[in-house]
Structures are given as structure tokens and as C-alpha cells.
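J.: I would like the atomic coordinates for the input below:
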Amino acid sequence: MITATVVKTDHVAIHPFRELVDGYISGIIVRNARRFFERFLSPRDVGVRRRHTPTATTTARVRRRARAFHSLCVCLARIRGSLSGMVASARDETRAREAEVKASSASAPASVEFVTDERTAGDVWRAGKYRDFLWRMRCAGVDGDPRFVEVLNAMGRETEALRAMSAAQRTSDDPGPWWRDGEYDEARAEDANDEGMRAMSTKAYVRAFDAFTEAIRLEPRRAVYHANRAAAGIALGRFEVAADDAQHAIERDDTYVKALVRAGTANLKIRRPAKALDMFRRALELDPTSVPAERGAREAERAFNASNQEAERQRDAARHGMRAALPRHDIDQDTAAEYLLSAEAALRANPALEGAKANVAEALVSCQRYESALEQCTKLLDDSLDRQYIVAETRWRMGDIDGALAEISSSSFRDSYDAFACKKCVALGGRLLHLQDLITRAEREVDDGQYTTAIRLLNTILEQPEGKMTTRFRGRVLRLRAESRFKSREYDAGEDDEDVNAYFAAIAADLSECLILNGKDFETFILRASLRTARGDYQGAFTDLRAAQTIAPTYVGIDVMVRDAAKRALRTDGTFTNGGPSNINMDDKSSTGGKFYDTLGIKPSASAREVKSAYRKLAAMWHPDKWTRCGDADAAAKAEEMFKTIHRAYATLSDAKQRRLYDCDPKRFDSVE
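T.: Residues are numbered from 1 along each chain as shown. Here you go, the predicted model:
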């Protein structure tokens, strides 16, 4: 809908009157002046002046006429001055009234504007009508009449109310009722309702439903139209719609017995026995003789009692962990999504059932929406073994095996022979303890530099059913295996051996799968950046480090790593990519991170585990006791000095706070003896 609003140009209603007065006065002066000069310069006078010398009589006559003309001019000038004052006063008064009208009305646009929004168009139209009515009152001189003032005030109140309603609708996310933009035609609404009643009598329920819909659209304030549509909806099996229509009818007339009965029937069909029973009881209070209300109340009471018994049974089963365990294999994502949709629909229909809540949580776990699953578990019973089991399943799939064991240890390991012990929790705990032992041993082997043993342990984990599932735990294992493979072999960026390339491809495949399983694993990004740097892909390494910095901006040393990666990415054969000369010394201490990193033989991007592993190797090599037994005093002294340097470097880099300070200013630490 396009609405154009045009603003009237400013004008003064007294302008025509002013022009009339000026013309009248000017006409009087011109006519009298013409008469005077015609008489003063008559042919006789002209002839006398031409042929004769003026006499005393002629001179006296001319002077008398001149004095008369002067008096007339003075008089007319006074009249014109008075009339001009009146015109100015009228003009000022008119302009003051115009200013008042503009101030009291809505802000008017300064030019023609095209409105495409229906709400804005309505606001502009109502504001224009209000200004037009006020203007007509002023022009007619009835702006002081109490009757017109009352009408104007009522119009202003309605305009403001509609403007506030429009503003609320514009800012609200609620679309409102579907009939909000109806036409409000009572006669046509009644005709549509009659048509719907005739269709109901012939059991043409679809046609009746459409007719009642049209009646509501034309007149939504009538409760009977909503109640009739609810009856048609019940006949068609549209119980959700019928319940809403009946509720709308009750909101308009809470003493409408038929609406209460139909609301109870619809809610009973959609498994809301408590609300249905309340509706039937309200109907019986208004009409104790209503047979449908009495019959519906009995049925709703039976359903309500059965629902309470089922809810109590499910709560007791949840406390004892009687639900089946989750499968130890992947579920197709389409199947999991359908399962989630059906579980959510069942929960909406039975919000009080513990089983319905647990179904949603398990469906979220199957869809790999672990954070949402943990949030859903907060709605389960606190003393429920099912809740603890689902939380444990969620946590180990997220890669947090310790958190999963802590969740179920208090319940499942208290006594394996307890009749109420959750067997699925005991079985899950046993599997998780085995996985925890394997991954702990693998991490220890990596720290000790035994990469082959670590890879063998990690392969054992990946062969387990839990290791084959597409979870974040699998991503954690893949990252650790890729790290072990990467450290087990030194890479040369210029090496083109096929075996090396194949080995590199296997590591890259593990890291790519890890990022698919957990796109927020910043350690995987850092490891892949190191791999790409070793292979000469400096641009890719910088991209991975920037991603890691975005995910974990507080990670120790990430800023230095990103800065060094940027320097490497900008260098290409000794020149910048933009063609300028390179003045970056890649061997400078600011690039390698400082002397402490060189002492331990690690990079500034090394993790705490790598720092510890490097220290153990060097400490075992340069320990003074080992060199004292060799009998060489100089070698023993050198070893002791080297051991102190290694220990000092490790003491600084192993402490997170000291390491941050060292990364900011390595020279300050290096200069200290």
C-alpha cells in the first residue's frame, strides 16, 4: 500500500482582503486626482493659459482647488493608514492561529513522501484528518464551542491510542492474533457465521471452519464466532487450534458454557487433563445441568489421575536409573533429528513426565548438541540416576572423561551389589576408567618422548567402540596421535620424499577430522600451524594461528606465535609480498623467543608438556652426578653450569606468570646471571 502525503503551502486568509482594500484606496486617489487635473486643466483653462495672462480670479480658483485636493489626499492617507493597521493585525492573528494548529497537530512532513508501511500510512492518515478537522473548526469560528472541542479531544485521544498501539506492534516480536488486520464488518460477519452454521448442520466441517474463520476476521470481538470455530476444529481433529479458539472465546465471555466445554474437550484430546478438568468444572459451576460438561469432567478426572500415576512411576524409575543405556555406536543424524523433533513434541504434550524430559536430553546427545543436553539435564530430578548417567555420557563425549567419572562415581560405585545400583552407570564407569588409563599412559609416553608407544596406545583407544564414535573425545585422541606422529620425525620444508609426504598427509587427515568434530579446539589449530610451518606453508600457518588466537586469546604465547607467523608469511625469498625490501632477521632473539627457549631446544609455541619433556631430557644429560663419576673436573664444572642454566630456564618457562613476563622482555631475564 502506497500512501502519499502532501503538505499545504503557507498562506494567509486575509491576503485577498488586503489587496481589496489597497485597490479601493488607490482607486479613490486616482479617480480624484484625475478629476482634479481634468477640472484644473480643462480646455477653457488651457485656452486661457495659452492665450491670456492669468488673472487674479484664475489664480484664486487654482489655489482653492489645490487646497481641496491636498485635504483630500491627507484624509485618504489617514484612512489607508487605519486600514493598513487593521490588515496587519488580522494577518498576525491568522499566522498565530496557523502556528498553533501546526504545534498541536502531529509533525507534518515538509514535502511529498511515499509511505509503504501500513502502520506509518495509518499514522499519517489519522494525523492529517485531525489537522484538517482542527483547521475547519478555526475557519468556521467554532473552536470555542464545547461540543466541537469535545469531539476534537476524543479524536486526539483515539489518535494517540492508535499511535501507541502501532508503535508497540512495530517493536514487538509477537505477530499478534491472525485476525488483527480484519475489516470489522458486523453484517458480513453475521452472514459468514450463518453460512458456517448451515455447513455444520450438513457435516461439511471444512466449509464451516472456513466460514467461521471469515466471521472472526470480519468481527473478532464476538465470542460466539470463536466458539463455533472451535467446534468445527474439534470435528476436524484440529485440537490445538480448537483449544486456542475456545480460549479466545472465554477471554471475551467467561460465562459462555459452550466455550468452556469445547475448551475442555480440546485440551483433553491433546493430553492436558488438568486444564480440561478445570474447564469442565467452571462450566458446571455456571450450568450444573450441562450433560456434556458433566461427562467431560468425569473423563478428565480419570485422565488426570492416570497422568499423575504415570508421572510418579516415571519419577521412581528415573531415581533408580531404569531407562535403557545409550547405544555405543553412532546414530544417523537424520534419524537423530527426527527423534529430537518427536521427543520435543511429546514433551510439549506431557511437560510433567520425567521420561519425556529425559528423551529430549538423550536426543540432544545423539545430535551432538552437548551444551544443550547439559542444560536440559538441569530440568531432571536432582536425585535421579538417569540424570547422572546422561550427564556422564555427555561429558565423556565432549572429551571430559574425568568430569564424567566424577558425575557417576557417587552413585554407581557405592556398592555394585546394591539392588538399586544403576547397572548402566557401573558399566559406563568401567569403560571410562579403561579409556582414562589408556589416554593417561599415552600422554605420559609423549612427555617422555616415547612416541611409538604413545601411537600404539592411541590406536588401541580408536579401536574401541567409544573411539569409533564421532565425538569430541575421538577428536582429542586424533589430535594427540597427530602430535605424536609429528614429533616422532623431523621435517624438512624442502624434502620431497614420497614417504614423508604420505606421512604428512596422514597427520593432516587426523587434524582435519579433529577440527570437524570440534571446531573450537584451538590446540589443534596450533598443532596444524606447526605442521604447515615445517612444510613451508607460512600463509596457512598464520591462518591457523589467527583462528587459535580468536578462540583462546588468553593462551600463553599465542600473541608471539601469531606475530612470528605473520613475519614468516610476509617474507618470500628475502622480500615482502608487496615488493618492498625485507629487513626482518628471522634468527633474531625476538623471533625465536629468547635464550631460555634456545637452552631447552624448544620453540616459543611449545606447550607446558613440551617444556617439561625437554627439561627432563636435558636434566638427565647434564646432571652433575653423572659427570662427576667420569673423573674430568673441567667437564664436571661445565656440566654443573649447564645444569643450572637448564634449571633456571625451566623454572621460568614452567611458571605461566613468569613465562608471560619473559615473553614480553626476554633480554631482562637473559641479562641476569
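
J.: now the helices for the stretch 51-200 of the chain?
T.: Secondary structure of the stretch 51-200 of the chain (DSSP state H, counting those that start in this stretch): helices at 56-104, 118-140, 146-171, 186-201.

J.: contacts only, for residue 557.
T.: 604-605, 659, 663 (CB atoms under 8 Å, 6 or more residues apart in numbering). Every residue, glycine included, has its C-beta placed from N, CA and C.

J.: give me that answer again for 6 Å
T.: Residue 557 makes contacts with 604, 663, as judged by CB atoms under 6 Å, 6 or more residues apart in numbering.

J.: quick check, residue 254 in a strand?
T.: No - Residue 254 is assigned coil when assessed by DSSP: H, G, I helix; E, B strand; the rest coil, not a strand.

J.: do you know how far it is from residue 230?
T.: 15 Å (CB to CB, to the nearest Å).

J.: could you do residue 518 as well?
T.: Taken as CB to CB, the span from residue 518 to residue 230 is 50 Å.

J.: how near is residue 548 to residue 570?
T.: Taken as CB to CB, the span from residue 548 to residue 570 is 19 Å.

J.: got any ranges where the chain has weak pLDDT?
T.: Applying pLDDT under 70 to the chain picks out residues 1-91, 93-117, 172-176, 180-182, 410-421, 490-498, 571-593, 629-631, 665, 668-673.

J.: so where do the strands sit in it?
T.: Taking DSSP state E as the test, the strands found in the chain are 3-5, 113-115, 571-572, 575-576.

J.: okay, residue 548 and residue 570: which has more neighbours?
T.: Using other CB atoms under 10 Å, the more surrounded residue of residue 548 and residue 570 is residue 548, with 25 against 17.

J.: tell me the contacts of the more buried one?
T.: 522, 525-526.

J.: again, 7 Å this time
T.: 522, 525-526, 558 (CB atoms under 7 Å, 6 or more residues apart in numbering).

J.: same check, this time on residue 475
T.: Contacts of residue 475 by CB under 7 Å, 6+ apart are 514, 517-518, 521.

J.: apart from its neighbours in sequence, what residue is nearest it?
T.: Counting by CB to CB, 6 or more residues apart in numbering, residue 475 lies nearest to residue 517, which is 3.6 Å off, once chain neighbours are set aside.

J.: re the thing from before, out of the contacts of residue 475, list just those in helices.
T.: 514, 517 (DSSP state H).

J.: tell me the contacts of the residue nearest to residue 286 when sequence neighbours are not counted?
T.: Nearest non-adjacent residue to residue 286, counting by CB to CB, 6+ apart: residue 257, 5.3 Å away. By CB under 7 Å, 6+ apart, the contact set of residue 257 is 283, 286-287, 290.

J.: of these, grab the buried ones for PyMOL.
T.: Remark: buried members of these, expressed as a PyMOL selection using 16 or more other CB atoms under 10 Å:
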select buried, resi 283+287+290
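
J.: and the furthest pair within the contacts of residue 257?
T.: The distance between the two most remote of those (CB to CB) is 8.0 Å, for 286 and 290.

J.: tell me the buried residues in stretch 310-322?
T.: Of all the residues in stretch 310-322, those buried under the rule 16+ other CB under 10 Å are 311, 314-315, 317-319, 321-322.

J.: which residues are in contact with stretch 395-405?
T.: Contacts for stretch 395-405 (CB under 7 Å, 6+ apart): 365, 370, 392, 407, 429, 432-433, 435-436, 471-473, 476.

J.: that should have said stretch 185-205, apologies.
T.: By CB under 7 Å, 6+ apart, stretch 185-205 touches 207-208, 211-212, 214-215, 218-219, 225, 228, 232, 235-236.

J.: what subset of these is buried?
T.: For the contacts of stretch 185-205, buried by 16+ other CB under 10 Å: 207-208, 211-212, 214-215, 218-219, 225, 228, 232.

J.: what distance do you get for residue 648 to residue 621?
T.: In terms of CB to CB, residue 648 sits 16 Å off from residue 621.

J.: of residue 254 and residue 230, who's got more company?
T.: Using other CB under 10 Å as the criterion, residue 254 and residue 230 rank with residue 230 on top: 31 against 12.
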